[in-house]
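1. mind folding the following:
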Amino acid sequence: MSSDDLARAVIWIGMFVLISGPVHECAHAFTAWKLGDGTAKLFGRITLDPIKHFDPIGGTLLIASVILGLISQSGIAGFGWAKPTPVNPYNLRGRYADTIVAAAGPLSNLALAALCAIGFRILWASGVHQADNTSVANMVLLVFFVGIQLNVLLMLFNFIPIPPLDGSHVLFDLLDPRTAHDLRNFMNQYGLMLLIVVVLFAGRIIGPLMNPIVGFLAGVPVG
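-> Predicted coordinates:
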């Protein structure tokens, strides 16, 4: 385990718990409130306070999986989640309100990735070309790069159309009622198994999509 790997792991966990997770869930809560459902607002979830969005099980699992990946040298990645935002779809206004609320979370992660990319490109244009922990400037570059990777990953993963991920809400909302009903019944039986398969093979499934997006945002090749 190198000091650079450790730095990446700390950044990955810290950014998810303190920034990416809270922004994602706050985006759900705020959008639902604007579209007529104040459930999340009643629970105090329209906030960027990390404590309000921290899920003990999901957060612990994320930390443990990142550390396990670090020790096993299988790469810096982890699986976990923030506290799900309570939304009552029956209170929402508009035909595709559920889709808009669901998509708000992943799209907020894309916005964060774009912000990190701006910082990364500014430093890169200034001559800082090594994302590691050898200097303050290089460390900041590493923070920006990990921020791009993490938030693009969160966007892609959450758009997968398997419950309870956000993509399932989008899919069900776009389908006709009969097809959505049949698909929900199928997912109730096999959704958990499908999600486990996706998590186990996330690198092979999401990697081919993630790297080009990260490279496009950062302006550098990503292999």
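2. when you work out contacts or count neighbours from here on, use the C-alpha atoms and nothing else.
-> Will do.
3. now stretch 145-154: how far from the chain's centre is it?
-> 8 Å (C-alpha atoms, centre = their mean, to the nearest Å).
4. which other residues reach it?
-> 8, 11-12, 15-16, 20, 106, 109-110, 112-114, 116-117, 120, 131, 206, 210, 213-214, 217-218 (C-alpha atoms under 8 Å, 6 or more residues apart in numbering).
5. give me the helices and strands touching the lengthiest helix in the chain, please.
-> Longest helix in the chain by number of residues (criterion: DSSP state H): helix 97-125. Judged by 3 or more C-alpha pairs under 8 Å, 6 or more residues apart in numbering; DSSP states H and E, helix 97-125 is in contact with helix 21-34, helix 136-158, helix 166-174, helix 202-218.
6. tell me the buried residues in the second one?
-> Right, the one you point to is helix 136-158. Neighbour counts over helix 136-158 (16 or more other C-alpha atoms under 10 Å) mark 137-158 as buried.
7. and the gap between Gln121 and Ala114?
-> Slight slip there: residue 121 is Arg, not Gln. Going from Arg121 to Ala114 by C-alpha to C-alpha, to the nearest Å gives 10 Å.
8. so for the residue nearest to the spatial centre of the chain, what's the pLDDT?
-> Central residue of the chain (C-alpha atoms, centre = their mean): Leu154, 2.3 Å from the mean position. Looking at Leu154, its pLDDT is 95.
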